[in-house]
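Enquirer: model this:
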Amino acid sequence: MSLVISDDFRDSFFQECEDLLEAMNDGFRLMADDQHEMETVHAVFRAVHSIKGGAGAFGLDALVDFAHHFETALDKLRSGKLELDDDVMSLFQRCGDHLADLVVAARDGAEPAADVSAQLHTDLEEIIGTPRDEGTEAPDFMPLGLDMDLSLPSMSLPGQRSFVIEFEAFPELFRSGNEPALLFRTLSRLGTLSVEAETDKIPALDALDGAQPHVTWRLTLETESSEGEIAEVFEFVEGLCRLEITEMDAPELPIEAGPLPTLEELTGGAPTLEEIVETEDAPAKTARAAKPGAAKPENASKAAGATIRVDLERVDKLINLVGELVIKEAMLSQSINQMGLPSESDVSVGLESLKQLAGEIQEGVMAIRAQPVKPMFQRMSRIVREAGTATGKRVRLITQGEHTEVDKTVIERLVDPLTHMIRNAVDHGLETPEDRRAAGKPEEGTVILSAAHRSGRVMIDISDDGAGINRPKVRKLAEEKGLISPDAELSPAEIDNLLFLPGFSSKDEVSALSGRGVGLDVARSEVQALGGRVSITSTPGEGTTFSISLPLTLAVLEGMVFDVAGQTMVVPITAIQETLQPKTAEIQPIGQDGRVVVNRDKLVPIVDLGEVFGFRRAPESLDNHVLLLVETDNNRRCALIVDGIQDQRQVVIKSLESNYGHVQGIAAATILGDGRIALIIDPDGIIRDAGGHAVGDFHFAATG
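Expert: Have a look, this model is predicted:
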C-alpha cells in the first residue's frame, strides 16, 4: 500500500515547522541570556524532535538525519551530561539556523547544504561527543507486516520494578509527526523492555482505513525508574493516545543485563507511519506532555478548527473591498451634504451608523493581516550572529516589543532594510574587542532591536552601544566623494544623514558585510516605499540609534483634508500637532525670502505647499490662510500654508509609484467622495526639501 499525502498536508507540515522553529529560537534566547529553566531545554528538544518526526513522514532524509543528531546533543544537555557554556550555546544556535535552512530547502525542493551539515555534525562530535555511529542513527520507518511477533524475553534484575504499559495511538498522534517506535526506543533506555502488538483489530487490506490506527501495544518494562519517569517518555503525545501504566510484582532473576534491543527487534513487523497514515487532513498541533491514562479527546477534530489558514490573496481582496466601502461611504456623505439634509434626519443618522459599521469592519479586516514582529526579530538574531562571526566581534542582541503587531505586507518588505541596518550596527557601530576594552566597555557589544506603537504608527529602533558616528570622518569622506561642498555648513544631524546618500561608505576596506557604497541608501528607499521614514541619533562614545517609523497598515489612514490653490490634499493626522490662524505680528521674515512663525516660544519655518508643488507663488499675507503645524518622528517641525480645512476622515491609500511614479513630497494618493483624486502629503519629505533653502537651514538649527 502506497502513502497518499496531499499537498495541503505537506504545506501544513511546513507551516507547523515555522511555529516549532519560533519556539526553538525562543528557548535559545532564554538560554543565551541564562534566564532559562530545565523546561526551556525540554521545549527546545521537543521542537527539534517534532520537526524530525514530521520530516520522516515525508522522507526528508537530510532533515531527519540532522535533526536526530541535533536532538541527541540536546538530550545530553537536558540529562545533565553536558554543561551549557558559550561554545555549546553558539553551536546550538548555528545548528538551529541550519535546521531552519534545511526546512526551507525541503519546502522549496532545493538541494540542502551537505557541506554545512557535515561540518556541524563534526562540531557536535568534537564539542559534545555525539558521533553519528554511536548507535543513535536516525531510525528508518518500519516495514508493513501483519504477521507480527514482537514479544521479547522479559528479564528482571535485583532491585528493579516491573511495569505494564498499555498504549493506543489516536489518529492525531501520527498527524503530528510522532511514531510509537521512537517512543518505545526511548522507553527501552530505562531498562529491559518487551513489546507485544495486539493485531486482532487490523482488518483486511481491502477494508483498511489508513487514517485510523488499528494496533494496540502492551509493553512490559523492568526498570529502576519511577512511574513518573516512565510517563515523561510520552510527554510529547498528551491527548493523542490512551496510556495506562500499572506496576506489577515480578520475580527477580539473577541474570546479567544484556545489550539494549535494536529498533528492529523492538518493532519487528509493525506497520509504518506511511502505512498507517493515508490522509489529506492537516496535522494536529505539536503534542505537549503525555499524562498516564489520558483519554481520547472527544473534540479532537473540533480543536483543529480554532484557527484557519487563509490564502493571503483572499485577505487582500477583502481589504480592497473594505477600501471601496470607505470610498462609497464618503461619496454618500458628500451627496447628503449637497442635498442640505439636516444632521438629525433619518438619512443622516443612518449614514452615521454606516460609518461606524464600516469602521468596525475595517478594524476587523486589518486585524486579520496584523502579525507580531517576533518572527522577523528572530531572523535578525541570526543576522547578528553571522555579522559578529564575519567581523570577529562578540555581539549580543536584545529584543523588545516582540508582540507589537504590524501589517503582514509591512513585515515582509521590512526584512531587507532591517538586515542592512543590523549589519551596519555590527560592522560600523560596534568597536573591536580590543577597542572596547580600551574604552572601558565589556568586550561583548550590544545591539537592541525594539518595536512599539506610537501616535498611530509603528516605531522600530536599532541601537548599538558602540563608539557613535565619527562625524569629522563622515564629513571628510563626503567632501572627498563630492557629495557636499567643503564650505557647506552642516549641523550634527545633517552630517549623520550623509550616511544615507547613495555611494557613501565610511568603511576603508571592502568586506563581506559592507564597504561597497550600498546599504543604508537602499534601506532608506525601501522604508520610504512603505510610507515610512528613517532617522539617526548618535552620541560619540555611547552609540547610535536608527529609528524607523512605519504606518500600521498600507491600506487606510486617518487624514486631514484641506485645500491649496484649488487643489484638495491630505496630511496624515498623526503628523499634525496643531492648526494655527496666524496673526501678522507672529510672522517674522528670515533670510532672503524665508518666514517663520512664533509658536510656544519657538521659531517654526513656514512652507507654502502651493509654491512647493508649483501651483502659485507664496502669498504675502497669511490673514486668509491656515497653518498646519506638522512634526516628524525626529522632532523636525514646519508650518504648512493651506487655504482651508475641509474635514478629518479616513482615506484609502492608493500607491502613486505603481500607477504613475515617484513625486517628491508625496506619499500616496486617495480617491475622494466625489471621485476626484487627492494627493497625500509626506511631511517628512516636505521638511527635508525645505532644508535646501535658508528657511530650512534655520529650522534645523533652531528647532531640529
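Enquirer: next, count neighbours for S621.
Expert: The criterion is other Cβ atoms under 10 Å. On that basis, S621 has 9 neighbouring residues. (C-beta placed from N, C-alpha, C; glycine too.)
Enquirer: that one and F167, how far apart?
Expert: For S621, the distance to F167 under the criterion Cβ to Cβ, to the nearest Å works out to 89 Å.
Enquirer: kindly report the same for M366.
Expert: Counting by Cβ to Cβ, the gap between M366 and F167 amounts to 47 Å.
Enquirer: who has more neighbours, these two?
Expert: Just comparing M366 and F167: by other Cβ under 10 Å the higher neighbour count belongs to F167, 22 against 18.
Enquirer: the helix or strand where that one lies pairs with which strands, parallel or anti?
Expert: Counting by DSSP states H and E, the element that carries F167 is strand 161-169. Each strand paired with strand 161-169, and its direction, by DSSP bridges: strand 216-223 (antiparallel), strand 241-248 (antiparallel).
Enquirer: which outside residues touch it?
Expert: Outside strand 161-169, the residues that touch it by Cβ atoms under 8 Å, 6 or more residues apart in numbering are 156, 180, 183, 187, 213, 215-224, 227, 230, 234, 237, 240-250.
Enquirer: quick one: mean pLDDT over it.
Expert: Strand 161-169 shows an average pLDDT of 89 in the prediction.
Enquirer: adjust the sequence numbering to begin at 4 for everything that follows.
Expert: Sure, I'll start numbering at 4, so the last one becomes strand 164-172.
Enquirer: centre of the chain to that strand, how far?
Expert: Its chain's average C-alpha position is 42 Å from that of strand 164-172, according to Cα atoms, centre = their mean, to the nearest Å.
Enquirer: send me that strand as CSV with only the CA atoms.
Expert: Once non-C-alpha atoms are left out, strand 164-172 reads as follows in CSV (Å, rounded to 0.1, in the frame of the first residue of the first chain):
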residue,chain,number,x,y,z
ARG,A,164,10.4,-2.9,39.4
SER,A,165,8.1,-4.2,36.7
PHE,A,166,5.6,-2.1,34.9
VAL,A,167,2.9,-3.0,32.3
ILE,A,168,2.1,-0.2,29.9
GLU,A,169,-1.0,-0.2,27.7
PHE,A,170,-0.6,2.2,24.7
GLU,A,171,-3.1,3.0,22.0
ALA,A,172,-2.4,5.8,19.5
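Enquirer: show me what counts as buried in it.
Expert: Going by neighbour count (16 or more other Cβ atoms under 10 Å), the buried part of strand 164-172 is R164, S165, F166, I168, F170, E171, A172.
Enquirer: next, count neighbours for I648.
Expert: Using other Cβ under 10 Å as the criterion, I648 is surrounded by 14 other residues.
Enquirer: give the helix, strand or coil label for it.
Expert: In the three-state summary, I648 is assigned as strand, counting by DSSP: H, G, I helix; E, B strand; the rest coil.
Enquirer: verify the contact between it and T571 for me.
Expert: No. Using Cβ atoms under 8 Å, I648 makes no contact with T571, being 11.0 Å away.
Enquirer: any shared contact partners between those two?
Expert: V564, F565.
Enquirer: contact partners for V398?
Expert: When contacts are counted by Cβ under 8 Å, 6+ apart, V398 touches V387, R388, A390, G391, V429, L433, E447, G448, T449, V450.
Enquirer: the fifth one in helix, strand or coil?
Expert: Meaning V429. The three-state label given to V429 by three-state DSSP is helix.
Enquirer: now it. Nearest residue, chain neighbours left out?
Expert: For V429, the nearest residue in space outside its immediate sequence neighbours is A390; the separation is 3.9 Å by Cβ to Cβ, 6 or more residues apart in numbering.
Enquirer: stretch 115-132: how far from the chain's middle?
Expert: Distance, centroid of stretch 115-132 to centroid of chain: 27 Å (Cα atoms, centre = their mean).
Enquirer: same question for that stretch, mean pLDDT?
Expert: For stretch 115-132, the mean pLDDT works out to 82.
Enquirer: and if you look at stretch 45-53?
Expert: Model confidence over stretch 45-53 averages 86 on the pLDDT scale.
Enquirer: can you pull the contacts of G180?
Expert: The contact partners of G180, taken as Cβ under 8 Å, 6+ apart, are F16, S53, I54, K55, G56, G57, A58, G59, A60, P286.
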